[in-house]
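**Student:** Pasting the sequence and the predicted model now:
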Amino acid sequence: MSKIKEKTNYLIIAFMFAIMILSAIADNLRGVFIPSFKADFLVKDTHMGVMIVVGSIGYIIFAYLGGMICETMGHKKVISMGIALTILSLVTLYLSPNFAVLLVGMFLLNAGWAFIGLAINTAIPIIAVSFQAVIMNLVHFCYGIGATITQKSAGLLLFKGIEWRTMYLCISILYFIVFIAFIFVKMPSVNKSKEDKKIDYRSIFKHKLIYFYMISLGLYVAAEIGTGNWFVNYMRETYKYNENQGTYYTTLFFGTYALGRLLGGFIVEKLGTVKTVLISSVLAFLFYIIGLAVGQKGLILIGFSGLFFSIIFPTLILSTNEVFKKNTTYIIGILTTASSAISMAVNFIIGWLNDCIGVPKAYYTIPVCLLLNMVFVYLIYTNSKTQKSTLKSSTLS
């Protein structure tokens, strides 16, 4: 690799770090703002569930489109479109006069994040020739840093009387600065033959591992997003914590989440992708369920579960490059679309259950998702091992 190309790749990775931090801030403000949304627009938890569903629909549509657009237009254009959509969404949220316009803003926010997340996740194997697991987890570590900053600072600012609209406006200005700078960055592209560009739909959807990945990622994303969306609300309704008190534990969750992503890549390099995800899934479930069962004193365990959440998504996505050798970008688009659909359904159910059976009982939906995720990660682990051994034996023979 030439020195100029190496410097360019470092610059691209630096921009990815910045974009992921901003994306985390924009994405995670919603969970802190849920009590404020309910108060300002005079709506209930079920309406918050609808808001999450609308946002997820935006993510589903644009994650699928992003997979196809990356194949034809390249990663840089998809990231640029994602940033533009995010700026538009943040301005819409700032100006929203009613709940309907708030929903439009959330739709656009998730659409922008779908483009950004998909393009970054699929660009890393192109940019980073070695230590892909480390780079992937470091990029997602930046998301954890942004989420951690957001939880405590947003809760504190709300407590001090700063409006949620003002915060959305400030983030849109930061995004605009990054957008202008990103225009001048040149990203590498991959020249694919016509044969490689063809999408073998029949072969893809015939593979049972696709469905294991869909369900596993969907349940994990539901648990992660559910924690971001409903944890502050859970502590408010169950233990009468205000936003500033509640965000202490969400800050701990996203802080350990960030730490896990900082260190996780090195662990993955030693243990392997799917094996690391399996271990992390088991530990995330145990910390979460024990934390809820213990009660108020167990909230700290839920906070520390972020350490084990952290590795699951980026490493499972990275493992697709080992399992699926063709149409990987399209497959990742399919997986993120399906996982978002599952997450959307689960988070809507949580909002509905909050009103039906009460917040404390409804919140147990999250550890149930973690338990089922663990089961499907185990199925991926055993089936991918079988697939690799079959490929080896066929090569030897």
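**Tutor:** That came in fine, so what should we check first?

**Student:** For residue 376, which non-adjacent residue is spatially closest?
**Tutor:** When the adjacent residues along the chain are set aside, residue 376 lies closest to residue 216, with 3.8 Å between them (CB to CB, 6 or more residues apart in numbering). Quick note: C-beta positions are derived from backbone N, CA and C, even for glycine.

**Student:** brain fart, residue 179
**Tutor:** Looking at residue 179 with CB to CB, 6+ apart, the closest residue is residue 83, at 4.7 Å.

**Student:** residues in contact with the one you found?
**Tutor:** 19, 112, 116, 175, 178, 179, 182 (CB atoms under 8 Å, 6 or more residues apart in numbering).

**Student:** mind checking pLDDT for it?
**Tutor:** Residue-level confidence at residue 83 comes out at 94, pLDDT.

**Student:** Ok, residue 212 next?
**Tutor:** Checking the pLDDT column for residue 212, the value is 92.

**Student:** Would you mind identifying the next helix or strand past the strand or helix carrying it?
**Tutor:** Taking DSSP states H and E as the definition, one finds residue 212 inside helix 208-239. Following helix 208-239 in sequence order, the next helix or strand is helix 243-271 (DSSP H and E).

**Student:** and which of the contacts of residue 83 is nearest residue 25?
**Tutor:** residue 175 (9.5 Å; CB to CB).

**Student:** Can you tell me the element the closest one falls in?
**Tutor:** Per DSSP H and E, residue 175 falls inside helix 164-182.

**Student:** thinking again about what came up before, nearest to residue 335, out of the contacts of residue 83: which one, please.
**Tutor:** The shortest gap between residue 335 and any of the contacts of residue 83 belongs to residue 116, at 16.3 Å (CB to CB).

**Student:** Could you find the closest non-adjacent residue to that closest one?
**Tutor:** Beyond its immediate neighbours in the sequence, the residue positioned closest to residue 116 (CB to CB, 6+ apart) is residue 82, lying 3.7 Å away.

**Student:** How about residue 346?
**Tutor:** For residue 346, ignoring the flanking residues on the chain, the nearest one in space by CB to CB, 6+ apart is residue 222 at 3.7 Å.

**Student:** Tally up the residues packed near that neighbour, please.
**Tutor:** Counted with other CB atoms under 10 Å, the burial measure for residue 222 works out to 28 neighbours.

**Student:** got the CA positions of the host helix or strand of residue 80 in PDB?
**Tutor:** Secondary structure assigned from DSSP H and E places residue 80 in helix 75-95. Presented in PDB, the C-alpha positions along helix 75-95 are these (Å, rounded to 0.1, in the frame of the first residue of the first chain):
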ATOM      1  CA  HIS A  75     -20.000   4.200  -0.500                       C
ATOM      2  CA  LYS A  76     -19.200   7.900  -0.400                       C
ATOM      3  CA  LYS A  77     -22.400   8.900  -2.200                       C
ATOM      4  CA  VAL A  78     -24.500   6.800   0.200                       C
ATOM      5  CA  ILE A  79     -22.800   8.300   3.300                       C
ATOM      6  CA  SER A  80     -23.200  11.800   1.800                       C
ATOM      7  CA  MET A  81     -26.900  11.200   1.200                       C
ATOM      8  CA  GLY A  82     -27.200   9.800   4.700                       C
ATOM      9  CA  ILE A  83     -25.700  12.900   6.300                       C
ATOM     10  CA  ALA A  84     -28.000  15.200   4.100                       C
ATOM     11  CA  LEU A  85     -31.100  13.200   5.300                       C
ATOM     12  CA  THR A  86     -29.900  13.500   8.900                       C
ATOM     13  CA  ILE A  87     -29.500  17.300   8.700                       C
ATOM     14  CA  LEU A  88     -33.000  17.600   7.200                       C
ATOM     15  CA  SER A  89     -34.400  15.400   9.900                       C
ATOM     16  CA  LEU A  90     -32.800  17.300  12.800                       C
ATOM     17  CA  VAL A  91     -34.100  20.600  11.400                       C
ATOM     18  CA  THR A  92     -37.600  19.000  11.000                       C
ATOM     19  CA  LEU A  93     -37.500  17.900  14.700                       C
ATOM     20  CA  TYR A  94     -36.400  21.400  15.800                       C
ATOM     21  CA  LEU A  95     -39.300  23.000  14.000                       C
END
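
**Student:** Can you check what angle separates the helix or strand just after it from helix 75-95?
**Tutor:** On the C-terminal side of helix 75-95, the nearest following helix or strand under DSSP H and E is helix 99-127. Relative orientation of helix 99-127 and helix 75-95, computed by axes from the mean of the first three to the mean of the last three CA atoms, to 10 degrees: 160 degrees.
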